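**Q** no sequence on this one, just coordinates:
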């Protein structure tokens, strides 16, 4: 049923819902020969790792601010216990923590098939340590041609795009896990922490450890700020 409905929709399109239904949509796409994310990009909600990482392909998901919601609930309970009447009849809105980007939404709408091929390789393999020479060797045009076309379409070099994908993953790990920095570096394709830190600072503007501290400080502030 889901597959038939998706086939009736204009392409490309984006589908969003919770992770469990997102997994069902991805399975329907698989059985209906619908390309993800080229035809249908799928975005979940909750970032349930037991579902997102096993999905075909891995499912991007919105990370809800459960800590902030708990803090708001505790504030309301504290008002009741103090004999005050908290605001009634209103729904408090709380922004999500962010998005855990995975392959189900990793797509660029580009007409150049060679650039598209290079982008797909980078999206899939940047965090496995893929190098520019390996990307170039798997796209059937001259290196200079690919580099020029890629820069014209994406407005970044091949190396800069590899770094961008790696640092996006690094930011997600720094913000949502307690992994040591060396483990973060390894999961983003780096054997040496010093090299990873240098690239991260160049792309993001500050070292990875500082990014984690700043994010957690800001996250704590957002959680405690009344609506």
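**A** Arrived safely. These figures come from a predicted structure and were not determined experimentally. Numbering: from 1, shown residues only.
**Q** what is the top helix by length along the chain packed up against?
**A** With secondary structure taken from DSSP state H, the chain has its longest helix at helix 158-176. With contacts defined as 3 or more C-beta pairs under 8 Å, 6 or more residues apart in numbering; DSSP states H and E, the secondary structure elements packing on helix 158-176 are strand 98-100, helix 113-125, helix 132-137, helix 143-154, helix 181-187, helix 193-204, helix 208-224. Yep, even glycine has a C-beta here, placed from its N, CA and C like the rest.
**Q** now that helix: buried residues?
**A** 158, 161-175 (16 or more other C-beta atoms under 10 Å).
**Q** which among those residues gets closest to residue 16?
**A** Within the buried residues of helix 158-176, distances to residue 16 taken as C-beta to C-beta reach their minimum at residue 172, with 18.3 Å.
**Q** just to revisit the earlier point, show me the one of the helices and strands packed on helix 158-176 that comes nearest residue 77.
**A** Distances from residue 77 to each of these were compared using C-beta to C-beta; the shortest belongs to helix 208-224, at 15.1 Å.
**Q** mind checking the pLDDT average for that closest one?
**A** Per-residue pLDDT over helix 208-224 has a mean of 78.
**Q** quick one on the thing from earlier: quick check: mean pLDDT of the longest helix of the chain?
**A** Model confidence over helix 158-176 averages 93 on the pLDDT scale.
**Q** one more: stretch 61-68?
**A** Rounded to a whole number, the mean pLDDT of stretch 61-68 is 84.
**Q** end to end, how far does that stretch reach?
**A** 18 Å (C-alpha to C-alpha, to the nearest Å).
**Q** now stretch 28-42
**A** Between the opening and closing residues of stretch 28-42 lies a distance of 12 Å (C-alpha to C-alpha).
**Q** contacts for that stretch next, please.
**A** Around stretch 28-42, the neighbours that count as contacts under C-beta atoms under 8 Å, 6 or more residues apart in numbering are 2-4, 6-7, 9, 11-16, 22, 25-26, 56-57, 59-60, 103-107.
**Q** and those, which are buried?
**A** 2-3, 6, 15-16, 22, 25-26, 57, 59-60, 103-107.
**Q** so which of the helices and strands packed on helix 158-176 gets nearest residue 65?
**A** Residue 65 lies closest, by C-beta to C-beta, to one member of the helices and strands packed on helix 158-176: helix 208-224, at 7.0 Å.
**Q** ok so, going back, in strands, which of the buried ones among the contacts of stretch 28-42 fall?
**A** Restricting these to those inside strands, with DSSP state E as the criterion, leaves 15-16, 60.
**Q** sec struct for the residue of the chain most remote from its centre, please.
**A** The centre of the chain is farthest from one residue, residue 83, which by C-alpha atoms, centre = their mean lies 43.5 Å away. Classification of residue 83 into helix, strand or coil gives coil, according to DSSP: H, G, I helix; E, B strand; the rest coil.
**Q** got a list of what it touches?
**A** So, once contact is read as C-beta under 8 Å, 6+ apart, residue 83 ends up touching nothing.
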